[in-house]
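> Here you go, sequence then predicted model.
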Amino acid sequence: MPTEAQRLVVRRHSRWGGALLWGTLSIVGLLLLVIAFEAGRARAGYSVIAAALDNHEKSTRIDQLTRELREAQSKLAAAEMARRVDRESYAQVEKSLADLEGRLGEQSQELTFYRGIVNPADNIAGLRIQQVKVMPGIQPHQFRVRIVLIQASRQETVTAATADLSIDGLQGGRAVNLPLSEIGTSSRALSFSFRYFQELDTEIELPADVLPQRVQVEVRPAKGTAAVRQTYPWKVETT
């Protein structure tokens, strides 16, 4: 009979203990692999810490460049605004100068006009045609003709007269003369009376196939002096 000391004791290990052992061994193995991988990268010149520092430097540089770009964009926008303001100010100055020049031109023409009344250049008093102006009408081939008459201030009496006009041109290649009685809205000559100056406006309508070339104006005083005649080239003005 075997003695008590000689008895073989067989103990069964818990399955949880084996799993724990294998899990521990797996973790240790994984750590060993990570350590070996990092050691290999370190030998190859790669360092996790160095890479992190490099990424931080790059991120800092990106932020700096972003701030510099925004500052440059702000300065560019300010410069564009200043240039636009300068351009608008310059345009306003140019417009003001143009307006002044226009008013000076009008005043100069008006001064010349009144000087012609007060002191005619040829020192001849009496009735004269100062200006004939042709302007476009409302419809095609319609025009408005303005005749400006003056007489020197030494002429103190009121002058009564009539004004008439005709248009010289070509119609079908043939020279024609169209009197006011045929082309005017009124078939009669323009009657008026004045002392120093007078503006006469009349509407005319030309045939579509007429090419106008000249305007003939004749002013006939009611008494005292001979008729005044003047021919002007046909020129349509927009103002």
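Sure, I can see it.

> Tell me the secondary structure of residue 109, please.
helix (DSSP: H, G, I helix; E, B strand; the rest coil).

> where's it relative to residue 130, distance?
The gap separating residue 109 from residue 130 is 11 Å, by CB to CB, to the nearest Å. Using the backbone N, CA and C atoms, a C-beta is placed for each residue, glycine as well.

> what about those two, which has more around it?
Using other CB atoms under 10 Å, the more surrounded residue of residue 109 and residue 130 is residue 130, with 17 against 11.

> tell me the mean pLDDT for the helix or strand that contains the more buried one?
Per DSSP states H and E, residue 130 falls inside strand 127-136. Strand 127-136 shows an average pLDDT of 88 in the prediction.

> And the helix or strand that it is followed by, what's buried?
Note on strand 127-136: by DSSP H and E, the next helix or strand toward the C-terminus is strand 142-151. Burial within strand 142-151, assessed by neighbour count using 16 or more other CB atoms under 10 Å, is assigned to 143, 145, 147, 149-151.

> Identify the residues contacting strand 142-151?
Strand 142-151 has contacts (CB atoms under 8 Å, 6 or more residues apart in numbering) with 113, 116-117, 125-137, 159, 161, 163, 165, 190, 192, 194-206, 215, 217, 219, 236.

> Can you flag the buried ones in those?
Among the contacts of strand 142-151, those that count as buried by neighbour count (16+ other CB under 10 Å) are 116-117, 126-130, 132-134, 137, 159, 161, 163, 165, 190, 192, 194, 196, 198, 200, 202, 204, 206, 215, 217, 219.

> just to revisit the earlier point, of the buried residues of strand 142-151, closest to residue 75?
Lowest distance from residue 75 to those (CB to CB) belongs to residue 143, with 58.6 Å.

> Where do the helices of the protein begin and end?
All helices of the chain, identified by DSSP state H, fall at 15-43, 48-118, 180-183.

> What is the longest one packed up against?
Identification of packing neighbours for helix 48-118 by 3 or more CB pairs under 8 Å, 6 or more residues apart in numbering; DSSP states H and E yields strand 142-151.

> tilt between the strand it packs on and helix 48-118?
Strand 142-151 runs at 50 degrees relative to helix 48-118, counting by axes from the mean of the first three to the mean of the last three CA atoms, to 10 degrees.

> in its sheet, what does strand 142-151 sit against?
According to DSSP bridges, strand 142-151 forms sheet pairs with strand 127-136 (antiparallel), strand 197-205 (antiparallel).

> how close does residue 80 sit to residue 86?
Separation of residue 80 from residue 86 (CB to CB): 11 Å.

> do the same with residue 131
Distance from residue 131 to residue 86, by CB to CB: 42 Å.

> Over to residue 195?
Counting by CB to CB, the gap from residue 195 to residue 86 is 54 Å.

> Rebuild the buried residues of strand 142-151 as a markdown table, extending it with distance to residue 178 and pLDDT.
Converted to a markdown table, the buried residues of strand 142-151 look like this (distance: CB to CB, whole Å; pLDDT from 0 to 100):
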| residue | distance to residue 178 | pLDDT |
| --- | --- | --- |
| 143 | 12 | 94 |
| 145 | 12 | 93 |
| 147 | 17 | 90 |
| 149 | 22 | 85 |
| 150 | 27 | 81 |
| 151 | 29 | 77 |
